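[1] Any chance you could fold what I've pasted below:
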Amino acid sequence: FFGITSKNPCAYDLFFGVDYHSHLGTRRGGMAMYDQELGFQRAIHNIENSPFRTKFESDVEMMHGNIGIACISDYEPQPLLIRSHLGNYALTTVGKINNEDELAAHILGQNRHFLEMSGGKINATELVASLINEADSIPQGIRHAQELIKGSMSMLVLTSECIYAARDF
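    Okay, here's the model as predicted:
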């Protein structure tokens, strides 16, 4: 994944930054940006049989802002746009959750639900968002999620003000 903040519009910087990491055979690609007037914008495409660049060339022309995140994913479509008591944010993740079933049961046991399914399974990025949303702030939520996740999970969280970057510890 790739994130950028700038004093200037940076859609093309985001586009070329994530394109550099793409390769044929990857399943999904996505970009999310924030602009004060437009709010959050997002584009996600299947890139299994074509380069990232060809799928996102028209999207990058329509995206505006000076802060954004993007990803190349072998599994689920992302970044996801999340609306919660913490505010609106975009989230992208890279990793493997070994206790996914246990964490999903924890969320479902609280009468909460999941909206995204990827390949018949709960979208791991949405699972991470659900864990983040259990806290009182995004930084606390990131720490909470990483304390509960067994495996490896790095993430970028895009808010209207900044990008939080976290890697597994």
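
[2] now the residue of the chain most remote from its centre: how far from E102?
    Here the centre of the chain is the reference, and by C-alpha atoms, centre = their mean the most remote residue is G109, at 24.5 Å. Distance, G109 to E102, by C-beta to C-beta, to the nearest Å: 10 Å. The way it works is simple: take the backbone N, C-alpha and C, and place the C-beta from them, glycine included.

[3] Give the ranges of residues in this structure that sit below the confidence cut-off.
    The chain contains residues with pLDDT under 70 at 22-26, 111, 113-120, 169.

[4] Now with 90, please.
    1, 12, 15-29, 44-61, 72-78, 104-124, 168-169 (pLDDT under 90).

[5] Run through the strands of it in chain order.
    All strands of the chain, identified by DSSP state E, fall at 2-5, 28-35, 39-46, 67-73, 80-84, 87-97, 117-118, 121-122, 151-158, 163-166.

[6] Return the distance of the third one from the chain's centre.
    Average the C-alpha atoms of strand 39-46, do the same for its chain, and the two points are 10 Å apart (C-alpha atoms, centre = their mean, to the nearest Å).

[7] before we move on, what about the longest one?
    From the chain centre to the centre of strand 87-97 is a distance of 4 Å (C-alpha atoms, centre = their mean).

[8] So which other helices or strands are in contact with that strand?
    strand 28-35, strand 39-46, strand 67-73, strand 80-84, helix 124-132, strand 151-158 (3 or more C-beta pairs under 8 Å, 6 or more residues apart in numbering; DSSP states H and E).

[9] quick one: it to helix 124-132, angle?
    Between strand 87-97 and helix 124-132, the angle comes out at 120 degrees (axes from the mean of the first three to the mean of the last three C-alpha atoms, to 10 degrees).

[10] outside of strand 87-97, which residues touch it?
    By C-beta atoms under 8 Å, 6 or more residues apart in numbering, the residues outside strand 87-97 that reach it are 1, 30, 32, 34, 39-40, 42, 69-71, 73, 78-82, 103, 124-125, 127-129, 132, 138, 149-160, 168.
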